[in-house]
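**Student:** A structural model of the following input is requested.
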Amino acid sequence: MAVSLQEIHPDADAIISKFIEQGLKEDVGDGDHTSNACIQEGSRSKANLLVKDVGVIAGIELAKRIFKAVDPDCHFEAKIEDGAPIRYGDIAFELECNTRALLKAERLCLNLMQRMSGIATLSNRYLFEVEDLNVRILDTRKTTPGIRFFEKWAVNLGGCHNYRFGLYDWIMIKDNHIDACGGIPQAIQRVKQYLEENNLERNITVEVRNLVELHEVLQEGGITRIMLDNFEIPILREAVATIGGRFEIEASGGINIHTVRKFAQTGVDFVSVGALTHSATSLDLSLKIIK
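**Tutor:** Numbers count the residues shown, from 1 in each chain. The predicted model follows:
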């Protein structure tokens, strides 16, 4: 079930408003001269968002906010809810709007909706592979700069889950941190000291690359989750048994749609998949004015 926008990010409304402002500024510049030349200032038009693909729709709410930003008097009627399945020929929403404003916002709306719908569709495919198992599929920070919020929103609409939003909201001690710090015990100890000194509360994940590192983490303790990175299935099962429910367990590293179920069946709590955002293909959507 999709969470609220504020659960994805507490400043969701401000992020959306700022993005719409910047997106329009980037595209419109000093004016949409084509529309200004061709369209009467007070002209109004109706348009439909046409689906030309199969998948899961995402961005309906965003589209409404975009068109309301350019024309507060526009009438927007969603025909399909965010996160719902779609097929070729569906109409996602109907719109009645100032014509110049409609054409000004068209590309911003389509670019984001196509991208978000592609991510939601791919996320839903991963969910389908494991929906009968007690595991959650997580996204990562492998997102497009500037639109992370929207890509993570789409992951959620597709039925998967958001991991940390950025470097600030979750401690993740990865291989580079460990190597630069001098080892797993040193890294964990310094993180605990840092959190205490700065009066911070954060969950802590430690990435391990083999069973030797796993035992180091178990010996040190005091963390939230162990990320088993690039483990082969038999070793992953052994690691899960070794942890024995003492900490949350996450599998990561090169997991794809063909292998995700095998990893999920090892007993891990989470499977993180960067492909949800970095490998999704945009869905084909089109906004057409009704003559």
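**Student:** now the strands for the stretch 51-200 of the chain?
**Tutor:** Ranges of strands in the stretch 51-200 of the chain, per DSSP state E, counting those that start in this stretch, are 55-56, 75-78, 85-86, 91-98, 136-138, 171-173.
**Student:** residues near residue 52, how many?
**Tutor:** For residue 52, the tally of surrounding residues (other C-beta atoms under 10 Å) stands at 13. Heads up, the C-betas are built off the backbone N, CA and C, glycines and all.
**Student:** for the closest residue to residue 114 other than its chain neighbours, give me phi and psi.
**Tutor:** Distances taken as C-beta to C-beta, 6 or more residues apart in numbering put residue 282 closest to residue 114, at 4.0 Å, once the chain neighbours are dropped. For residue 282, the backbone dihedrals are phi -60, psi 140 (criterion: degrees, to the nearest 10).
**Student:** need the pLDDT of residue 282.
**Tutor:** In this prediction, residue 282 carries a pLDDT score of 97.
**Student:** and if you look at residue 23?
**Tutor:** Looking at residue 23, its pLDDT is 97.
**Student:** check the one 3 residues further on too.
**Tutor:** Residue 26 carries a pLDDT value of 97.
**Student:** can you pull the contacts of the closest residue to residue 133 other than its chain neighbours?
**Tutor:** Leaving aside its chain neighbours, residue 133 sits nearest to residue 264 (4.9 Å; criterion: C-beta to C-beta, 6+ apart). Residue 264 makes contact with 129-130, 133, 135, 251, 271, according to C-beta atoms under 8 Å, 6 or more residues apart in numbering.
**Student:** mind checking how far the residue nearest the centre of the chain is from residue 53?
**Tutor:** The C-alpha lying nearest the average C-alpha coordinate of the chain belongs to residue 152 (C-alpha atoms, centre = their mean; 1.8 Å). According to C-beta to C-beta, to the nearest Å, residue 152 stands 22 Å off from residue 53.
**Student:** quick one, domains of the protein?
**Tutor:** Domain ranges of the chain: 5-127+281-289, 161-272, per automatic domain parsing.
**Student:** could you tell me how far the longest one lies from the centre of the chain?
**Tutor:** This points to domain 5-127+281-289. Distance, stretch centre to chain centre, for domain 5-127+281-289: 18 Å (C-alpha atoms, centre = their mean, to the nearest Å).
**Student:** now do the end-to-end distance for that domain.
**Tutor:** Start-to-end span of domain 5-127+281-289 (C-alpha to C-alpha, to the nearest Å) is 30 Å.
**Student:** tally up the residues packed near residue 180, please.
**Tutor:** Using other C-beta under 10 Å: residue 180 sits among 8 other residues.
**Student:** wait, residue 202
**Tutor:** Residue 202 - counted by other C-beta under 10 Å - has 16 other residues nearby.
**Student:** next: residue 91.
**Tutor:** Applying other C-beta under 10 Å, we find 15 residues neighbouring residue 91.
**Student:** equivalent analysis for residue 203, please.
**Tutor:** Using other C-beta under 10 Å, residue 203 has 13 neighbouring residues.
**Student:** quick check: it vs residue 101, distance?
**Tutor:** 44 Å.
**Student:** and what of residue 198?
**Tutor:** Where residue 101 is concerned, residue 198 sits at a distance of 47 Å (C-beta to C-beta).
**Student:** between those two, who's got more neighbours?
**Tutor:** residue 101 (24 against 8).
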